[in-house]
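Q: Need a 3D model of the following:
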Amino acid sequence: MRTLSIVAFAALGLTACNPAPGEGQSGEGADKPAIAVASTQAATPVAAVQAQAPDAEFARDDPSPAVLGLTRQGGEWRIAIRAGGVPNGAATAGDCEIEAVGPQDADDVINARPVPFNSDLGGLTAADIGAEPPMIQVRVGPEGVFVADGGAASRYCPMGSDVDGFYKRVETPD
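A: Sure thing, here's the model as predicted:
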């Protein structure tokens, strides 16, 4: 068993040291990072949603700056949250981004689960999200929304990130 572990560890080390596909090329695309996409069909809806302006926008300043966008998708809402790390000097956490989709109930609460997405900060894959993602609840009111992330920030974001709390409406809806 010990020999098998050593061989597996050595093989893993060699794999990690090999250049990724597309690295070491010269000419066009040499300075662009390689991005793996499972399929074109999976990537297209994500890109289309991100390019679409949200139906409603919200922002908060405390405990850290954050923005939230709501976009209607059929009978559900797509929630896009981007928050800075809670200020803590040199130990300030990195930015956090979560997107989730779910229906809105009769009490104006959107119950959404995280979904895969890509962005300039990175994104989440289905493997990152896992089999039992937390429920993110967004209670919608006339002045803004209140977010309860159900542990999503601690699961998907850098340690010290926070997306919970009240977000004030940026613009008055039509």
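Q: ranges for the helices of this protein?
A: For the chain, applying DSSP state H gives helices covering 2-17, 40-51, 126-129, 152-156.
Q: Now the weakest link among the ones you listed, please, by mean pLDDT.
A: Mean pLDDT is lowest for helix 40-51 out of those, coming in at a mean of 39.
Q: ok, for Pro63, nearest residue in space, not its chain neighbours?
A: Val86 (4.9 Å; CB to CB, 6 or more residues apart in numbering). (C-beta placed from N, C-alpha, C; glycine too.)
Q: Hmm, I typed the wrong one, I wanted Lys168.
A: Nearest non-adjacent residue to Lys168, counting by CB to CB, 6+ apart: Gly144, 4.4 Å away.
Q: burial measure for that neighbour, as a count.
A: Gly144: 19 surrounding residues under other CB atoms under 10 Å.
Q: From Asn111, how far off is it?
A: Distance, Gly144 to Asn111, using CB to CB, to the nearest Å: 18 Å.
Q: Which parts of stretch 165-174 count as buried, going by neighbours?
A: Neighbour counts using 16 or more other CB atoms under 10 Å place Gly165, Tyr167, Arg169 of stretch 165-174 among the buried residues.
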